[in-house]
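1. okay, structure incoming, though there's no sequence with it:
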């Protein structure tokens, strides 16, 4: 007899949208593009995730939070597989996630697939990153490294606010 799971894969994706990124709590792991695949296997549930960086310190926390959320939803046989075969890209982030980043005060990444679609212009070799607070293009890089490895530190000359930029990968 085949056991039919009353919960759909789509519902699992919705549960995973409740798991916040520990470094950027306004975003969840689905809209970040970290969760890549969900499937049922031999009565259990498997979630495949891809780290944003190979050494991202948040991945262990993300894995634990996913397991905790699934246990809370009644999934005792849930596995989280961290997959390094694919390289995560900021292109996997949803447009809504990028908007939420901007509203949170972090300049979102540009598209990486097509240089003509960049939201920023190049000034020499340095990108011009729009300020998430006032949308000014009068900004400059202060440091390649922000509070985490995935962000750089910028300063807006117009509104005089420091801000982080989520690096394109």
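-> Yep, that arrived. No experiment lies behind these values; they were computed from the predicted model shown.
2. give me phi/psi at the residue nearest to the spatial centre of the chain?
-> Closest residue to the average C-alpha location of the chain: residue 32 at 2.6 Å, with CA atoms, centre = their mean. Torsion angles at residue 32 (phi, psi; degrees, to the nearest 10) stand at phi -70, psi -20.
3. who's in contact with it?
-> Going by CB atoms under 8 Å, 6 or more residues apart in numbering, residue 32 touches 21, 24, 52, 92, 93, 97. Yep, even glycine has a C-beta here, placed from its N, CA and C like the rest.
4. what does residue 62 give?
-> Residue 62 neighbours (CB under 8 Å, 6+ apart): 19, 21, 22, 29, 34, 49.
5. residue 137: which of those is nearest?
-> Distance to residue 137 across these (CB to CB) is lowest for residue 21, with 27.6 Å.
6. who's in contact with the residue nearest to the closest one when sequence neighbours are not counted?
-> Excluding the flanking residues, the one nearest residue 21 by CB to CB, 6 or more residues apart in numbering is residue 27, at 4.7 Å. By CB under 8 Å, 6+ apart, residue 27 lies in contact with 20, 21, 97, 100, 101.
7. okay then, goodbye and thanks.
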